[in-house]
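Student: need coordinates for the below:
(chains A, B, C and D)
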2 protein chains.
Amino acid sequence: MSAASQARPPTLEDVARVAGVSRATVSRVINTTRNVDPVIQETVRRAIAKTGYTPNTAARSLVTRRTGTIALVVSGAGDFGGDILVDPFFGRVASGIISALRPRGIYPLLMFADTPETRAHVVDHLRQGNADGALVVAIHSADPLPAMLVAANVPSVLFARPTRPLPISFVDLAHREGGRLAVDHLVARGCRRVATISGPLDVPASQERLAGFREAWVGHGNPEAPFVEGNFTLDSGERAMERLLAEHPDVDGVFAANDLMASGALHVLRDHGRRVPDDVAVIGFDDSSAATASRPALTTVRQPVEDMAAEMASLLLDRIGRQDRRVTSVVFEPTLVVRQSA
Amino acid sequence: MSAASQARPPTLEDVARVAGVSRATVSRVINTTRNVDPVIQETVRRAIAKTGYTPNTAARSLVTRRTGTIALVVSGAGDFGGDILVDPFFGRVASGIISALRPRGIYPLLMFADTPETRAHVVDHLRQGNADGALVVAIHSADPLPAMLVAANVPSVLFARPTRPLPISFVDLAHREGGRLAVDHLVARGCRRVATISGPLDVPASQERLAGFREAWVGHGNPEAPFVEGNFTLDSGERAMERLLAEHPDVDGVFAANDLMASGALHVLRDHGRRVPDDVAVIGFDDSSAATASRPALTTVRQPVEDMAAEMASLLLDRIGRQDRRVTSVVFEPTLVVRQSA
DNA sequence: CCCCAGTCGGAGAGCGCTCTCCAATGACTC
DNA sequence: GAGTCATTGGAGAGCGCTCTCCGACTGGGG
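Tutor: Numbering: from 1, shown residues only, chains lettered A, B, ... in the order given. Next comes the predicted model:
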């Protein structure tokens, strides 16, 4: 046992010798690449089991030019100090992607990129053939990485539409519709004086959520509603809510562009003695873990992240498998999850 | 440009031809493996730049038997539904490891393992040479993965000491000391009737934190303090606090074995109209993002996760680099971070 | 009975790299 | 001036695998 574990691991050649066939035949059995006589197949399988053979990935990818690995690139996490995984929304995207890959026996190479150097390094790493393609979660809208990947000819799929058109696949949400969903619920609850805490306005998703909110609110025959710009963090949600309360003390409904900011709003409302949802109804966005962790739990616009992640994986694997250059994108519909806050 | 990106990527051979030297010389320049005449070095570098050469990882690792990749294995996350990354503590461990690896230009292969099948798959993947070693974060104490890795001869480093002795390196915290730190602070604040919410008692770290707490409390001349067992989740912290309050309404200090449970305790205390820290002081453990996100922010026993993660990476890379079988472990000291809750 | 198509195993080239040898050169000693 | 040795470039084997050929064998039709 100990001796065996020290020895050179068994190769195809070894298996072939034990099975009394050629290397090619063993390879064919393993890859089911052509018909092989069932009897011989069985012999080979037994030889594989006996030798404890396991294919050498490096040798295989040297000839196939495939690694069977894909990269999960999180770009622009710099300001989060590398703790981006802990962000309830991005963490969920990452987990979703990982879970979607798992049934296919693929483990992602996890790469962070924020500075120009790390971005270049990531692209190099990919060009060196360490992965067959990349699933990219870019936090900032102006991220240059997607364009670099296109230039380097690395098959990629983005989470969220790139700011400027690019020949690259992506998966996105109908954010505008999400804003509308929130308004409809607030209106149905009888809210008359609503406000919204938007995400950073240079992010397309933020713009869309805000636009959807405004359109729907005005569409219900209301005057324009106030809004404050946040940056998707808990703190910014608190600050925004403070300001909203100061400027519009009679507000009775708030739509925040993500759960973290909604959660911050909840803190401030409580500190000011407002009951949620009785005095003020609050709706978040994402349906991340922050939504269920909040007290009261957040009513929120859900992004089907797991489905979106699975779609990203499918799009990428299709693209890699078919070797075509075609670019396909998919847009998902949000749904409203009603909990206690509205 | 477009034509170039379609063509077969340049190889060492191509660079050698352009530079007018042999393949071996180019390889030597790239790997700085032996003295090469500075003039020739320069010529080679220029040829590399000109051709846009990038080494083929597969070919390289076929001969070196190294991949330059290491695996980050999260084991036993099943009950977290794959969202383990979002857990403020484990997410921090993962981020810490990733950040520690980054300066070395290494991107980890992210692997989850919870069922027997996935565990076997992970070990197979590792044996196939997809990574040179593994950094393992095992959630449950009885996790069989570490033993499997030892058996498969995969160089590994664990986060936290394995329950039963195993010839495997690990990085851990002096949990007992952490419990003591919490007690000392509570006592210094003048708390007289304290209680603790422990983690699951089959986890060594939970036992140690509890033991440290008890020893220190009794050491200060107090009678035994009550405790309730939790399971490290927010919900369990809430339930435990409810029970504590019911059975010991006069409690004036609580030590929870992690921040999430402390956060749950905070919710319950507020619901019961207790002011924190005036009526009841609360101390958490970990110093995870949950500590700063709580209101009031949690005073907590900090684990230096970033340092611990960096140490894991160092231990593993040393072990891989030196090819020795030696097993080294490091235990870190906790510190108390004082915020508002105590 | 022969021929041809179809089926399936084996031989061998080659993927891109590293690394061991070997040879050539020059420096230095005696 | 010859021998020794350190220094540095090149040739070529070989890492473990896939895949294209090729050849052997089978069966069925004319």
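Student: output the below-cut-off pLDDT ranges for chain A.
Tutor: Flagging of chain A using pLDDT under 70 yields the residue ranges A:1-7, A:77-83, A:323-325.
Student: and it, split by domain according to the record?
Tutor: Domain ranges of chain A: A:2-55, A:71-174+A:306-333, A:175-302, per automatic domain parsing.
Student: export these to a markdown table and append columns for mean neighbour count and distance to residue B:98.
Tutor: The C-beta positions use only the backbone N, C-alpha and C, and glycine is treated the same way. Output for the domains of chain A, formatted as a markdown table (neighbours: other C-beta atoms under 10 Å in any protein chain shown; distance: least, C-beta to C-beta, whole Å):
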| stretch | mean neighbour count | distance to residue B:98 |
| --- | --- | --- |
| domain A:2-55 | 15 | 27 |
| domain A:71-174+A:306-333 | 20 | 6 |
| domain A:175-302 | 21 | 20 |
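Student: now do the helices in the stretch 51-200 of chain A.
Tutor: Here the stretch 51-200 of chain A has its helices, by DSSP state H, counting those that start in this stretch, at A:57-64, A:88-101, A:116-125, A:145-151, A:175-188.
Student: tell me which of these sits nearest to residue B:51.
Tutor: helix A:116-125 (14.4 Å; C-beta to C-beta).
Student: is any residue of that closest one near chain B?
Tutor: Yes. Helix A:116-125 lies within reach of chain B by C-beta under 8 Å from any C-beta of the partner chain, at A:118, A:121, A:124, A:125.
Student: ok, stretch A:147-161 next?
Tutor: Yes. Stretch A:147-161 reaches chain B (C-beta under 8 Å from any C-beta) through A:151, A:152, A:153.
Student: of those residues, closest to residue A:84?
Tutor: Once C-beta to C-beta is applied, the member of those that ends up nearest residue A:84 is residue A:152, at 23.2 Å.
Student: so what's the backbone phi/psi at that closest one?
Tutor: Dihedral pair for residue A:152: phi -80, psi 0, per degrees, to the nearest 10.
Student: distance of the closest residue to it other than its chain neighbours from residue B:53?
Tutor: Among residues not flanking residue A:152 along the chain, residue A:123 sits closest, at 5.1 Å (C-beta to C-beta, 6 or more residues apart in numbering or on different chains). Residue A:123 sits 15 Å away from residue B:53, going by C-beta to C-beta, to the nearest Å.
Student: and what of residue A:329?
Tutor: Distance from residue A:329 to residue B:53, by C-beta to C-beta: 34 Å.
Student: do the same with residue A:103
Tutor: Here the criterion is C-beta to C-beta. By it, residue A:103 lies 37 Å from residue B:53.
Student: residue A:153 too?
Tutor: From residue A:153 over to residue B:53 (counting by C-beta to C-beta), the distance is 16 Å.
Student: and for residue A:339?
Tutor: 56 Å.
Student: wouldn't residue A:300 be in contact with residue A:289 here?
Tutor: No. Taking C-beta atoms under 8 Å as the definition, residue A:300 is not a contact partner of residue A:289, at 11.2 Å.
Student: center of chain A, which residue is that?
Tutor: Centre of chain A computed as the mean C-alpha position; nearest residue by C-alpha atoms, centre = their mean is residue A:93, 3.0 Å away.
Student: tell me the contacts of residue A:167?
Tutor: A:150, A:327 (C-beta atoms under 8 Å, 6 or more residues apart in numbering or on different chains).
Student: and residue A:16, by the same measure?
Tutor: A:22, A:23, A:25, A:26, A:47.
Student: from these, which land in helices?
Tutor: Using DSSP state H, the subset of those located in helices is A:23, A:25, A:26, A:47.
Student: what's near enough to touch the first one?
Tutor: Residue A:23 sits next to A:12, A:13, A:16 when contact means C-beta under 8 Å, 6+ apart.
Student: same question for the second one.
Tutor: When contacts are counted by C-beta under 8 Å, 6+ apart, residue A:25 is found next to A:16, A:19, A:36, A:40, A:44.
Student: quick one: contacts for the last one?
Tutor: For residue A:44, the set of contacting residues under the criterion of C-beta under 8 Å, 6+ apart consists of A:15, A:19, A:21, A:25, A:26, A:29, A:36.
Student: which strand or helix spans it?
Tutor: Following DSSP states H and E, the helix or strand that holds residue A:44 is helix A:38-51.
Student: please save the CA atoms from that helix in CSV.
Tutor: Extracted C-alpha coordinates of helix A:38-51, given in CSV (Å, rounded to 0.1, in the frame of the first residue of the first chain):
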residue,chain,number,x,y,z
PRO,A,38,-18.1,-6.0,-25.0
VAL,A,39,-15.9,-8.8,-23.8
ILE,A,40,-12.8,-6.8,-24.3
GLN,A,41,-14.5,-3.8,-22.7
GLU,A,42,-15.1,-5.9,-19.6
THR,A,43,-11.5,-7.1,-19.5
VAL,A,44,-10.3,-3.5,-19.8
ARG,A,45,-12.5,-2.3,-17.1
ARG,A,46,-11.3,-5.0,-14.8
ALA,A,47,-7.7,-4.0,-15.6
ILE,A,48,-8.5,-0.4,-14.8
ALA,A,49,-9.9,-1.4,-11.5
LYS,A,50,-7.0,-3.7,-10.7
THR,A,51,-4.4,-1.1,-11.5
